[in-house]
Each structure stands twice: as C-alpha cells, then as structure tokens.
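**Q** Predicted structure and sequence below. I'll ask about it afterward.
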Amino acid sequence: MKILLAGGAGYIGSHTAVELIRAGHDVVIADNYDNSCPEVINRIEKITGIRPVEYEVDVKNKSGVKKIFDENLIDVVIHFAGLKAVGESVQLPLKYYRNNIDTTLTLLEVMEESGCNNIVFSSSATVYGEDAPAPYREEFGRGKCSNPYGWTKNMMEQILEDAAKANPELSVVLLRYFNPIGADATGLIGEDPQGVPNNLMPYVSQVAVGRREKLTIFGDDYPTDDGTCRRDYLHVTDLAIGHVKAVEYADREKGTNIFNLGTGNPYSVLEIVNAFQEANDIKIKYEFGPRREGDLPEFWANADKAKEILGWEAKRGIVDMCRDTWNWQKNNPNGYR
Ligand code: NAD
Ligand code: UDP
C-alpha cells in the first residue's frame, strides 16, 4: 500500500516509516519540520535502503496537501502532524487548537475530494481524562482533559468519529498511545526534542550525555510504592509496528475503531531512572522537586483489544527501551544537528 505520513519526520512518524518500509509498503512523508529535521529522511534511507517520497508542506495548507494526493495514489493516511508540548499548550492554546484541529480538517477534506477513505490517527491516553480508573480500556470513552493539548486530541477524535458516521466508506482507526520511549536499534533515528525536553526519557538521556546537569523528579509523595508517578512506557519500535497492523486493518474495515497501544505494565519514574543506570552502566544525577501540575499519580493500558483484533502486542522490555535510547543519544549527542 501507499501510505501518507503527515508529520512523518517526527519521532514516532520516522520509526513508523521504517517499519512500514520493512513491511513492504510505500511511504510518503509530509512535514513542515516545525519539530523535526530533514536529515531524518536520509536516516530512514540509510536504515531501509529506500528513500521515502518527501514533501515539505504545512498540513494545514489545503493546496499543498491536495498536490500530494494528485501526485500519489494514497491508500491510507497516518496523521501524526500535531504540536504536543503540554505546558506550551497551556501558554499558547490558540496555536495548539489552530494547528492540531486544522491539520485534521484539511486532511479529511482532501481525502474526501481524492477518494481516500482510510485514516489512522495518533491519539493519546490523555483523552481518558482525569477521573478514569487504570488500567484504561477503550470503552471508557473520553473524559475531562487537564490541558489544551489533551482537548485537541479529544476534539480530533470526535471530528474523526463524526466524519466516519457521515461517510460509511470511511475507516478511522484511533490509536491511543501510552508513553513511547526508546529508538530504532540501529541508533540512527530517535527522539530529538527542541529545547529543554518535557518528557522523562529524553531528559534522562540528555543528563547521561552531559547536555543537562541533573534530572528533577517531579514529586516523591504520590500514592505509589516509591512515591513517584507510574506510567506505561512502550518501545517506539513496538508502537511503530502497531501502526503497520493498524493501516492494514484500516484498509479492510469501516467505521471508527479505537485501540490502546501500551504494554499494560507501569513503571515508576525512579524505576525508569534505575533501569537506565543499570542497562547502560551510567550514573544519572537527580533530585526531587515539587509535583508538576496536571500529572496523574499513575495510569496504564489494558491492551487486550489490540492483541485480539490487530494481533499486536509490545515485545520489547524496559532494558531494550533504556539501551536503545542511550545507543541513539550517545551516537547523536546533539540529535540530528
Ligand atoms: P513529533 O513532534 O516528533 O512529530 C510531529 C511531527 O509533526 C513533527 O515532525 C512536526 O514537524 C510535524 N508537524 C506538526 N505540525 C505540522 C503541520 N502543521 N504541518 C506539517 N507537519 C507538522 O511528535 P511525536 O512524538 O512523533 O508525536 C506524533 C503524534 O503522536 C503527535 O500528534 C502527538 O501528539 C502524538 N502522541 C505523542 C506521544 C508521545 O509521547 N510522543 C504520546 C501520545 C500521542
Ligand atoms: N517527569 C519527571 N521529570 C521530568 C520529566 C518527567 O519527573 O523532567 C515525570 C512526570 O512527572 C511523569 C513521568 O515522568 O510522572 C512521565 O512524564 P512524561 O512527560 O514523559 O509523560 P506524561 O506525563 O505525558 O505521561
């Protein structure tokens, strides 16, 4: 199949491009490099031996997206093109609503005009909201989000569902990711955040490589065994393989289908720091700081549905996640730059 990856130069998109090519699919990447770098295309080619077709385009721009569909017979779209920094979304909500909602509407409109009926969407565990009990199950529905980023995911899910209700030909797969970390085993692609990392693992690896002095662990008084928050971390390669299964499913099913992609096994922040130290034989300097606003004590996935219906389950463990993160970071201390 020919698959358009909107936002495909980013962290999850680039790993998905590699796995789609490995599975024999043709990949077209559309990205404005707002949070990524054109070098990633060279790296995908280096890993797979195949260069994806590439468009530098803002996915909000309808004529730019139309051109891609005019020049390529796209079977499935995967929509990764979003802004994702939770804190920034609180400061700049309009930027987040504009970018994340507009990219979704533009893609859906151009798909309709071009006769493409399959879309896989990068959603998030954040849509379960503040009050859902873990483990999260798909049938819980969407809850109350604590920040504009979360609300954009919530709204985009609603838009996609409504579009599928109105068009019986449309297939929408909503993938609710838990916490992707790690990197391709080659160490050629990985997570390369701009500025100070918001997420735990890139912060840990930047401390390890000497770009940051120490990690601040946000809170040590949560109601968990060691007092730090617990999350469901999954290897980005497992997540990418989940997308391969999802595009194949989208191509044969109709309507809206929702899947959690997680391992079902939560780890605390301290367990992650210790696992990184042990897997890589490196000391990570850290201190405890206050809680970060909006953080939930713990959540993780029930991933049974993805296993039963997509035939997908996470295979890589915490040691792989820590080792592959470090392999990427030590070989690319300044990311792609
Ligand atoms: P990323 O920032 O690395 O990738 C997103 C890509 O989209 C970037 O390359 C960026 O340049 C591009 N982009 C953004 N707006 C665009 C626009 N208007 N036009 C063209 N390109 C645009 O992020 P990621 O971690 O790879 O996440 C991919 C998707 O998955 C996002 O939608 C994110 O919200 C979602 N998600 C991520 C996580 C996570 O922990 N990484 C968890 C849940 C959901
Ligand atoms: N975290 C931390 N220090 C950091 C970044 C994150 O202690 O510098 C914690 C954060 O409080 C949360 C966990 O690590 O408990 C995972 O945070 P991340 O931002 O990676 O994921 P999310 O909060 O979106 O689940």
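**A** Perfect, thanks for sending it. Ligands and ions are numbered 1, 2, ... in the order given.
**Q** Now do the strands in the stretch 201-337 of the chain.
**A** Ranges of strands in the stretch 201-337 of the chain, per DSSP state E, counting those that start in this stretch, are 215-218, 230-231, 233-235, 255-261, 267-268, 286-289.
**Q** Please work out which of the ones you listed is packed deepest.
**A** Between the strands of the stretch 201-337 of the chain, strand 233-235 has the highest mean count of neighbours, a mean of 26, where neighbours are mean count of other Cβ atoms under 10 Å. (Glycine included, C-beta is placed from N, CA and C.)
**Q** now the strands of the stretch 201-337 of the chain in JSON lines, with distance to residue 177 and mean pLDDT?
**A** Formatted as JSON lines, the strands of the stretch 201-337 of the chain follow (distance: least, Cβ to Cβ, whole Å; pLDDT from 0 to 100):
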{"stretch": "strand 215-218", "distance to residue 177": "21", "mean pLDDT": "98"}
{"stretch": "strand 230-231", "distance to residue 177": "11", "mean pLDDT": "98"}
{"stretch": "strand 233-235", "distance to residue 177": "8", "mean pLDDT": "98"}
{"stretch": "strand 255-261", "distance to residue 177": "5", "mean pLDDT": "98"}
{"stretch": "strand 267-268", "distance to residue 177": "16", "mean pLDDT": "98"}
{"stretch": "strand 286-289", "distance to residue 177": "26", "mean pLDDT": "98"}
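**Q** how about the helices in the stretch 51-200 of the chain?
**A** Remark: helices assigned in the stretch 51-200 of the chain by DSSP state H, counting those that start in this stretch are 62-71, 86-91, 93-114, 148-166, 200-208.
**Q** what's the closest of these to ligand 2?
**A** Using Cβ to the nearest ligand atom as the measure, helix 200-208 is the one of the helices of the stretch 51-200 of the chain that comes nearest ligand 2, at 3.6 Å.
**Q** elements contacting the closest one?
**A** For helix 200-208, the elements it packs on are strand 179-181, strand 215-218, helix 269-280, helix 318-331, judged by 3 or more Cβ pairs under 8 Å, 6 or more residues apart in numbering; DSSP states H and E.
**Q** Go through these and name the closest to residue 80.
**A** Closest of the helices and strands packed on helix 200-208 to residue 80 is strand 179-181, at 11.5 Å (criterion: Cβ to Cβ).
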